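A.B. asks: got a predicted model here, sequence first, then my questions.
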Amino acid sequence: MRSISLNALLIGIFMIALIMSIPAKADRAVIPFTDASVYGPGQKAIIAWDGETERMLLSTDVYANKGTKALELLPLPSEPLIEEGSFKSFESIEHLMIAKAPKVKEGAEPPSSGLEVVFHKKIGAHDISVVRVSSLGELVKEILIRFGEGGASQGIQGKVRDLLNEYLIRGFNYWVFDSIDLTEDEASIQPLFFEFRSSFLYYPMKVSSLASGRTKILLFIITKGTILYEEILPQGMSFATYTDGSQICFQLSKQELKTIDEKMAEMFEQSAWLSVVKYEGDLSDLNFDLEYRPDKCSSIKLTVDKPVCGLGEEVAMTVDFIHLLPGCYEAQVLHFHLVRLEILDSSGRLIDSWQWEVNNDLHKTIYWRPTRADTYQVKASVWFNGMTLQMEDSQTVKVIEKTKEQPTQLPFCWVIAILLILAVLAGIGMGWLLAKCFGKSR
């Protein structure tokens, strides 16, 4: 018991050291007002995404080789709401990671449409503006306005200009401008919450390549489900692990979510999952952003031609899997998608199954003849590398046992009508015969 407590304490110390050793920096482009060089020593953020809305808590630790005023730029896919945050949110996640740590075994550019200023206010040490632009010229003009008469035209050339234009082409038309004072000493500025609509989980990393030096990034990602497979991450990023090598990923209750942030808790109906993603390397190597689009860029649809059928009747089951919907892309890493089609009976027992390994669209029709009356579930699913469930669709097929057909019985009124008709016909016949017989006797 003593050794387990010691191990737990060691894990706690390790996790505190891990977090405290990574200075908090919102991942934004930093342009100095003077010829000072800006350094980005580290980054951390809490990102909650429910599939429609993203809420990020960002904090900054940057410094310069001499005192200067700097302008931070943050590109976003939609207009954000901005409010003051607290370091307590990071502290809460720190405590949760320690509490949920596993026990360690002993030993072991686009056409211009005008510039629209949509937000401006000061929050603590920040002087923030949010603008909506649609062309590179508008964005550069807005930056120069904030630099004043000193200008920064020479600083917005080459790599900087290309990077800004790239974000505009990709549809990031909302830009956060944050004017801050930098010194030679690292200093933490009050964290900020950014909340905005987004159909994908997003964290801008490429903008940090405008600074210099090495960086450490630690992202605490909160989603409805788990993000388990590393293939979704850009090259160079990985999931953080505990000292025993297990991935830092655990479920958060509604109450635990509230300890991090009340509004983040409101984003989820019940529980959510926390995953921790990390990166360490040169800022110049940050040529990517983190974008996660689960199930939004692919689709699977299952159809059956007979929801109700008899024993032995043929049922056609069609699976349509669309690998990438228009406008979507995925990380260029070696992978495949396993498409499964399964039939289960009412007790959940697997009756039959088929599967295909694909990396493109799939259209398959399978014909099945049921041999037993029951209500069956037909399920189509997609698995990343055959291991992680991505999406599924299902239908039910009710199989009935048809009874032998009984002789058709006519209604009573029809029987009477037929008998009357037959009687009339018989009378006519008898009359004809009698008439013939009397005719001959004469």
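C.D. replies: Cool, got the structure. From a predicted model like this one, the values you see are computed outputs, not experimental measurements. Numbers count the residues shown, from 1 in each chain.
A.B. asks: chain center to the host helix or strand of Tyr167, what's the gap?
C.D. replies: Element membership for Tyr167, per DSSP states H and E: helix 158-169. Centre-to-centre, helix 158-169 and its host chain are 26 Å apart (Cα atoms, centre = their mean, to the nearest Å).
A.B. asks: direction included, what does the helix or strand following that helix pair against?
C.D. replies: The element immediately downstream of helix 158-169 (helix or strand, assigned by DSSP H and E) is strand 174-182. Strand pairing for strand 174-182, determined by DSSP bridges: strand 68-76 (antiparallel), strand 126-132 (antiparallel).
A.B. asks: could you pull up the mean pLDDT of strand 174-182?
C.D. replies: In this model, strand 174-182 has a mean pLDDT of 80.
A.B. asks: how about the helices in the stretch 251-400 of the chain?
C.D. replies: For the stretch 251-400 of the chain, the helices defined by DSSP state H, counting those that start in this stretch cover 254-260, 262-266.
A.B. asks: among the ones you listed, which comes closest to Met387?
C.D. replies: Ranking the helices of the stretch 251-400 of the chain by proximity to Met387 (Cβ to Cβ) places helix 254-260 first, at 27.7 Å. Where C-beta positions appear, they are placed from N, C-alpha and C, glycine not excepted.
A.B. asks: what's the closest one packed up against?
C.D. replies: Here helix 254-260 touches helix 88-99, helix 262-266, going by 3 or more Cβ pairs under 8 Å, 6 or more residues apart in numbering; DSSP states H and E.
A.B. asks: what does that helix rub up against?
C.D. replies: The contact list for helix 254-260 (Cβ atoms under 8 Å, 6 or more residues apart in numbering) reads 46, 89, 92-93, 96, 222, 252, 264-265, 268, 270-272.
A.B. asks: kindly recompute the last result at 6 Å.
C.D. replies: Where contact means Cβ atoms under 6 Å, 6 or more residues apart in numbering, the residues beyond helix 254-260 that reach it are Ser89, Ser92, Met264, Ala265.
A.B. asks: name the member of the residues you listed with the most neighbours.
C.D. replies: Met264 (24 neighbours; other Cβ atoms under 10 Å).
A.B. asks: is it possible to get a markdown table of the contacts of helix 254-260 that adds pLDDT?
C.D. replies: Shown next, in a markdown table, are the contacts of helix 254-260 (pLDDT from 0 to 100):
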| residue | pLDDT |
| --- | --- |
| Ser89 | 89 |
| Ser92 | 89 |
| Met264 | 96 |
| Ala265 | 94 |
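A.B. asks: okay if I get those residues as a markdown table plus distance to Val277?
C.D. replies: Shown next, in a markdown table, are those (distance: Cβ to Cβ, whole Å):
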| residue | distance to Val277 |
| --- | --- |
| Ser89 | 17 |
| Ser92 | 18 |
| Met264 | 17 |
| Ala265 | 21 |
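A.B. asks: one step back: ok, which of the strands paired with strand 174-182 comes nearest Ile217?
C.D. replies: strand 68-76 (15.1 Å).
A.B. asks: hey, what's Tyr367 bridged with?
C.D. replies: Applying DSSP bridges, one finds that Tyr367 bridges with Ala316.
A.B. asks: what count of nearby residues applies to it?
C.D. replies: So Tyr367, with other Cβ under 10 Å, has 9 neighbours.
A.B. asks: helix, strand, or coil at Ile221?
C.D. replies: strand (DSSP: H, G, I helix; E, B strand; the rest coil).
A.B. asks: what sits against it?
C.D. replies: Ile47, Ser275.
A.B. asks: quick one: which of the helices of the stretch 251-400 of the chain is nearest Arg170?
C.D. replies: Using Cβ to Cβ, the nearest of the helices of the stretch 251-400 of the chain to Arg170 is helix 262-266, at 26.3 Å.
A.B. asks: run the chain-centre distance for the closest one.
C.D. replies: That offset, for helix 262-266, works out to 18 Å (Cα atoms, centre = their mean).
A.B. asks: output the contacting helices and strands for it.
C.D. replies: helix 254-260 (3 or more Cβ pairs under 6 Å, 6 or more residues apart in numbering; DSSP states H and E).
A.B. asks: flag every buried residue along the helix it packs on.
C.D. replies: Burial within helix 254-260, assessed by neighbour count using 16 or more other Cβ atoms under 10 Å, is assigned to Glu256, Leu257, Thr259, Ile260.
A.B. asks: quick one: the strands in the stretch 101-250 of the chain?
C.D. replies: 116-123, 126-132, 174-182, 187-197, 201-203, 214-223, 237-239, 249-252 (DSSP state E, counting those that start in this stretch).
A.B. asks: hey, C-alpha coordinates of the longest one in CSV?
C.D. replies: It stands for strand 187-197. C-alpha atoms of strand 187-197 as CSV (Å, rounded to 0.1, in the frame of the first residue of the first chain):
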residue,chain,number,x,y,z
ALA,A,187,5.4,36.9,-18.4
SER,A,188,2.0,35.3,-18.3
ILE,A,189,-0.9,37.4,-19.6
GLN,A,190,-4.4,36.8,-18.4
PRO,A,191,-5.9,33.9,-20.4
LEU,A,192,-8.8,34.6,-22.7
PHE,A,193,-11.8,32.5,-23.8
PHE,A,194,-12.6,32.4,-27.5
GLU,A,195,-16.0,30.9,-28.5
PHE,A,196,-17.0,30.5,-32.1
ARG,A,197,-19.0,28.3,-34.5
